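S.K.: model this:
(one chain, ligands or ions: 1)
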Amino acid sequence: MRRNPRLRGQLFISYLFLLMLTLTVMTLALLLFLFAQPVPPSLTYEKLLTIGRDVLQQAGIGSQQSALTLLQVRNLVQQLPRLAADNDTRILIIDMPTRTIITDSAAVFARTDQIRLTQESYTLQIPLRNRFGIHGEPIFGSLWDKDGSEWFFSGITIIRQNQETSAIVLAEPRPQQTFPLVLDRFRQELALPLCQSAVVGLIVAALLAAFSSRTLVRPLSRLEQAAESVAAGSHDQLVPEDGPVEIRALAAAFNRMSGEVNSTQQAQKEFMANVSHDLKTPLTSIQGYSQAIVDGAAKDPAHAARIIFEEASRLNRMVTELTDLARLQAGQMSMQHRPVDIHQLVLMVGERLSIIARERGLQLHLQSDPVPEVIGDGDRLAQVLTNLVSNAMKYTPSGGEISLRTQVNNGGVEVVVRDTGIGIAPDDLSRIFERFYQVDKARGPRRGTGLGLAITHEIVQAHGGRITVTSAGQGKGSTFTVWLPSAHLNTVVRGQK
Ligand code: ADP
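M.R.: Reported below is the predicted structural model:
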C-alpha cells in the first residue's frame, strides 16, 4: 500500500464536519444574540431624514433657505396631510423650545398639545450630509404618541420669520425586532467575517487531515508491508513501535505475533531435524545389524538380534511418545476428569518401580502422606510420576537415593521427586522441558528420547498444574515438583482438556 486516500478523505470530511458544525452553532448563537438585541434607530433616522428632504422639496422650500415666511409655513401646514400621505409617513411640526405641537399629519395631536420627546445625539454619515442641504442641524430621537407608544423621529430645524425655532419632524413607530431584520443585519455585519473564518478553517482542516493521515498511514503501511512479508515466508519481521498510542500498541502486538510465528517456525524446523535424526539413528543400527545377519557376517547373531529388538522397541517408544505429545499439544488427548488419590498413586508407582531401583542399587524412599484428591486422569498422572521416577533412576548412579513425597502447598497438592544423581546445570534447567532436549546427548549410552519431560509437562499443564525443577548443580542431585490444583482446597482447576 502506498497511500490511503480514503483515510485522508475521511479525516478531511470529519474535520470539515466539525468546522461546519462549529460555524453553524456560532451562526445560530449570533442570530439569537442579534434577535435579543434592540433594533438600532440609525437606519430609521437616516431614512426619515431622506424623506424629510424630499418633503421640503415637494413643499417648494429651497434647501439653502434658513428662515420661512409666514406664507410658506401656512402652505406647509396646509399641505402636510397630503405630503405625509404621498410619502407614507407621519409629519409633525413642533415648536421646539416649548415642545408644543403646531400640526400633526396624523391628527392625533391637536395644535398647542404638549408632546413628550427626547433627543439623541447621532452623527449622520458624511455622504448623506453632503447630498442634503440642511436647514440648521438635523435632530434625532424618540417621541411618545398619545397612546404611549414610542416613535423614532428625524427632524429638520426651521426658523420661522418671527425667529421662533420649529422642527419639521418625521416619525415612524419604533420597529419591532423581526427575523428578516435580524437576517439583514447579520448579512451586513457578520456574514463576511464568518465566511472568511470558514475559508481559513477549510485550509486548516485540509492541512490537519493531510498531517494526521500521514502520521497514521505511514506506520500502517509499514505494518501492512511487514505482514505481507510474514505471509510470504519471511517470519523475522519487526516494525518500529512509534506513532500514536493505538498504532504503537498495534505495532507491539504485531512484533509479538511475528516473534511468536518466528519461534514457532524455528521450533518446527528444529523439531523436524530432531525427529529425522532421532528416528534415523536406531534405523541405521537396525539396518546394520540385520544386514550383518543376512550376510552371515554377525559373529553373535543372537546379540545382533537383541540389539535390533532394543532399537526397534526404542523406535516404537519414540513414535508412541511423539504421537502422545502431538495429541497433547493439539488438545486432542482424551483426559478423564475423575477424583484421583495422589497418595495412592505415589504408592502404586513407587511399588512398581522399586524392583528396578533395587536392581540398579538405588534406594527409593516413599514419604507419602494422604492428601486431598485432585480431579484428573489417573493414568496420565501415573505416567507423570513414572517418567519422573524413571528419569531419577536413569540419572542417579548406583548407591544413590530417590525420594517421593506428597504435600499440600499453595492450595494444591504437590509431589516432590528428589534424587541424589548427576544434577542439572543452571543453563539446562530452563530448557529441560523442551522436546528432544537432552543435557548431554553424548553422555553414556543413550536410552532416552528427550520427549519424556515434554510429555510430562504437557500432562501437568492439561491438569491446570505446573511442574518445576531445581538442582544445586551437576553432581548434586535434582528435585522435580509437580503442583496440582485440588477442588477440596478451593483452587480453580485451569486448562483441563
Ligand atoms: P530422556 O528420554 O532423555 O530422559 P527427558 O525428556 O525425560 O528425556 O529428559 C530430558 C533430559 O533432562 C534428559 O536427557 C536429561 O539430560 C535431563 N534429566 C531429566 N531428568 C533428570 C534427572 N532426574 N537428573 C538429571 N538430569 C535429568
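
S.K.: next up, the contacts around the closest residue to the ligand within the stretch 351-497 of the chain.
M.R.: For the stretch 351-497 of the chain and the ligand, the shortest gap (C-beta to the nearest ligand atom) falls at Gly448, measuring 2.1 Å. Placement of C-beta: from N, CA and C, glycine included. Each residue near Gly448 by C-beta atoms under 8 Å, 6 or more residues apart in numbering is listed here: 391, 394, 438.

S.K.: can you name the element that comes right after the lengthiest helix in the chain?
M.R.: Ranked by residue count under DSSP state H, the longest helix found in the chain is helix 245-295. Later in the chain than helix 245-295, the nearest helix or strand by DSSP states H and E is helix 301-329.

S.K.: give me the average confidence score over the next helix or strand after that following helix.
M.R.: Going down the chain from helix 301-329, the next helix or strand is strand 338-340, by DSSP H and E. Per-region confidence: strand 338-340 scores 94 on mean pLDDT.

S.K.: same question, stretch 423-433
M.R.: 90.

S.K.: run through who's touching that stretch.
M.R.: Taking C-beta under 8 Å, 6+ apart as the rule, stretch 423-433 contacts 437, 439, 453-454, 456-457, 467, 469-478.

S.K.: mind listing the helices for the stretch 351-497 of the chain?
M.R.: 378-394, 426-429, 452-462 (DSSP state H, counting those that start in this stretch).

S.K.: looking at those, which one has the lowest mean pLDDT?
M.R.: Minimum mean pLDDT among these: helix 426-429, a mean of 90.

S.K.: list the buried ones in that helix?
M.R.: 428-429 (16 or more other C-beta atoms under 10 Å).

S.K.: once you drop chain neighbours, what's closest to Ser229?
M.R.: Spatial nearest neighbour of Ser229, chain neighbours left out: Gln237 (5.0 Å); criterion: C-beta to C-beta, 6 or more residues apart in numbering.

S.K.: quick one: that neighbour from the ligand, how far?
M.R.: 33 Å (C-beta to the nearest ligand atom, to the nearest Å).

S.K.: and that residue, how close does it get to Leu216?
M.R.: As judged by C-beta to C-beta, to the nearest Å, Gln237 and Leu216 stand 20 Å apart.

S.K.: neighbour count for these two, which is higher?
M.R.: A direct count of neighbours by other C-beta atoms under 10 Å for Gln237 and Leu216 places Gln237 higher, at 22 against 18.

S.K.: would you verify that the more buried one is located in a strand?
M.R.: No: per DSSP: H, G, I helix; E, B strand; the rest coil, Gln237 lies outside any strand segment and is coil.

S.K.: just checking, Ile51 touches Asn87?
M.R.: Yes: contact status for Ile51 versus Asn87: in contact at 5.2 Å, counting by C-beta atoms under 8 Å.

S.K.: are there residues contacting both of the two? Which ones?
M.R.: Common neighbours of Ile51 and Asn87 (C-beta under 8 Å, 6+ apart) do not exist.

S.K.: near the ligand, which residues of the chain are found?
M.R.: 391-392, 394-395, 419, 421-422, 424, 432, 437-439, 448-454, 478 (C-beta under 6 Å from any ligand atom).

S.K.: from those, list the buried ones, please.
M.R.: Buried among these (16+ other C-beta under 10 Å): 391-392, 395, 419, 421-422, 424, 432, 437-439, 448-454, 478.

S.K.: only whichever of the contacts of stretch 423-433 are buried, select them in ChimeraX.
M.R.: Of the contacts of stretch 423-433, the buried ones can be selected in ChimeraX as follows, counting by 16+ other C-beta under 10 Å:
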select :437,439,453,454,456,457,467,469,471,474,477,478
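
S.K.: mind jotting down where the strands sit in the stretch 51-200 of the chain?
M.R.: Assigned by DSSP state E, counting those that start in this stretch, the stretch 51-200 of the chain shows strands spanning 67-68, 90-95, 100-104, 116-120, 138-144, 150-160, 165-173.

S.K.: ok, and what's touching the fourth one?
M.R.: Applying C-beta under 8 Å, 6+ apart, the set of residues contacting strand 116-120 from outside is 41, 94, 99, 139-144, 153.

S.K.: got the angle between that strand and strand 150-160?
M.R.: 80 degrees (axes from the mean of the first three to the mean of the last three C-alpha atoms, to 10 degrees).

S.K.: what pairs with strand 116-120, parallel or antiparallel?
M.R.: When pairing is defined by DSSP bridges, strand 116-120 lines up against strand 138-144 (antiparallel).

S.K.: Gly201 is in contact with Leu18, isn't it?
M.R.: No: Gly201 is beyond contact range of Leu18, at 9.0 Å (criterion: C-beta under 8 Å).

S.K.: phi, psi for Gly475 please.
M.R.: phi 80, psi 0 (degrees, to the nearest 10).

S.K.: and if you look at Ala472?
M.R.: phi -80, psi 0.

S.K.: contact partners for Asp377?
M.R.: Contacts of Asp377 by C-beta under 8 Å, 6+ apart are 335-338, 340, 459, 463.

S.K.: surely Arg360 meets Tyr395?
M.R.: No: contact criterion C-beta under 8 Å: Arg360 and Tyr395 do not qualify, at 11.3 Å.

S.K.: run a quick neighbour tally on His303.
M.R.: His303 has 11 nearby residues by other C-beta under 10 Å.

S.K.: check Leu489 too.
M.R.: Counted with other C-beta under 10 Å, Leu489 comes out at 16.

S.K.: next one: the closest residue to it other than its chain neighbours from Leu385, what distance?
M.R.: Using C-beta to C-beta, 6+ apart and skipping the chain neighbours, the partner closest in space to Leu489 is Gly411 (4.8 Å). According to C-beta to C-beta, Gly411 stands 21 Å off from Leu385.

S.K.: thank you kindly, that will do.
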